[in-house]
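S.K.: take this sequence and fold it.
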Amino acid sequence: MTTRLISDLHLHPGAPEITEGFVHWLEESARGCEALYLLGDIFEAWIGDDLLDLAGADPTGNADLAARVARALKRLADDGTAVYLMHGNRDFLLGERFATEAGATLLADPSVVSLGDKRVLLMHGDSLCTLDTAYQAFRAQARSPLWQAQVLSMPLQERIALAKQLREQSGEANSSKAEDIMDVTPDEVVKSMAEQGVTTLIHGHTHRPAVHECEVDGQPARRFVLGDWRPDRGWEIVIEGNGEPQLKEIPLGG
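M.R.: As a prediction, this is how the structure comes out:
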């Protein structure tokens, strides 16, 4: 059986080519696989599951996009694929309602799962970027149940404005940060893998697809990094049966 892992689609109405490519990929490539893991930032922003109530009546198109993605994932799940969703730094407010409508299970970050014949650590990846202290402070706030409850209690329009403000602030801050600050901290990678007792880590977030060799407790280890999706291509990790993970580029729009 085949397991597939993806992340960082950053779906939004302004990039319909990515949405079309993703839905097509679900229908053609992902169909029939045993499990699909989506490791965060599936959406560019998520303001709360009640966004789904606006489907058909949201001039921004976000609600219709969310409903379409939920339906596409539900079709895959109904065909027998186990679908798992992990929060990213953009869609950390995804909740049980969306997961239910998508036929998916919410997965904690981090999580250790059995893939192939080994235990694998799955993460979105943002918690590994420890040199970015300003972001880590925001991340701690954004994962606070109290902060999330306060945000979700705001009217939808205020949440939409807040999401836009946070995206703009993130873009401005990232433009002035050094490249090494934007990437994972190697020591944090090894620490996280050692704490979980694994020699394989799969994550996204950095938009830097690659396979990195490292050492954990004297054992050879590997870190697989998923890339982000764009109109012409996406990225996936494929595990066939008990085989090794394979990082692959997905042609889109052809």
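
S.K.: surely residue 32 is in a helix?
M.R.: No. Counting by DSSP: H, G, I helix; E, B strand; the rest coil, residue 32 is not found in a helix; it is coil.

S.K.: neighbours of it, how many?
M.R.: 11 (other Cβ atoms under 10 Å). To be clear about C-beta, it is placed using only N, CA and C from the backbone, and glycine gets the same treatment.

S.K.: residues in contact with it?
M.R.: Applying Cβ atoms under 8 Å, 6 or more residues apart in numbering to residue 32 gives the contacts 2, 79-81.

S.K.: buried subset of those residues, written for ChimeraX?
M.R.: Listed next is the ChimeraX selection for buried residues among those, using 16 or more other Cβ atoms under 10 Å:
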select :2,81
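
S.K.: residue 245: which of the contacts of residue 32 is nearest?
M.R.: residue 2 (11.5 Å; Cβ to Cβ).

S.K.: my guess is that closest one contacts residue 243. True?
M.R.: No. If you go by Cβ atoms under 8 Å, residue 2 and residue 243 don't touch, sitting 9.5 Å apart.

S.K.: so residue 202: helix, strand or coil?
M.R.: Residue 202 is classified as strand under three-state DSSP.

S.K.: now it. Nearest residue, chain neighbours left out?
M.R.: residue 224 (4.6 Å; Cβ to Cβ, 6 or more residues apart in numbering).

S.K.: can you check residue 231 too?
M.R.: Distance criterion Cβ to Cβ, 6+ apart; nearest residue to residue 231, sequence neighbours excluded, is residue 17 at 3.7 Å.

S.K.: and that neighbour, which helix or strand is it part of?
M.R.: Taking DSSP states H and E as the definition, one finds residue 17 inside helix 16-25.

S.K.: may I see the buried residues of that helix?
M.R.: Residues of helix 16-25 classed as buried by neighbour count (16+ other Cβ under 10 Å): 18-19, 21-23, 25.

S.K.: turn the residues you listed into TSV, columns for distance to residue 106.
M.R.: Output for those, formatted as TSV (distance: Cβ to Cβ, whole Å):
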residue	distance to residue 106
18	23
19	22
21	24
22	19
23	21
25	22
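
S.K.: re the thing from before, and whichever helix or strand comes after the helix holding residue 17, what does it pack onto?
M.R.: Downstream of helix 16-25, the next assigned helix or strand under DSSP H and E is strand 35-38. Judged by 3 or more Cβ pairs under 8 Å, 6 or more residues apart in numbering; DSSP states H and E, strand 35-38 is in contact with strand 2-6, strand 82-86.

S.K.: what is the end-to-end distance of stretch 79-99?
M.R.: 16 Å (Cα to Cα, to the nearest Å).

S.K.: which of the residues in it are buried?
M.R.: Residues 81, 83-94, 98-99 are the ones in stretch 79-99 that count as buried (16+ other Cβ under 10 Å).

S.K.: farthest-separated two in these?
M.R.: Across those (Cβ to Cβ), the longest gap, 25.7 Å, separates 81 and 89.

S.K.: which secondary structure elements does the one helix or strand residue 75 maps to contact?
M.R.: Element membership for residue 75, per DSSP H and E: helix 62-78. Judged by 3+ Cβ pairs under 8 Å, 6+ apart, the packing partners of helix 62-78 are helix 16-25, strand 82-86, helix 96-101.
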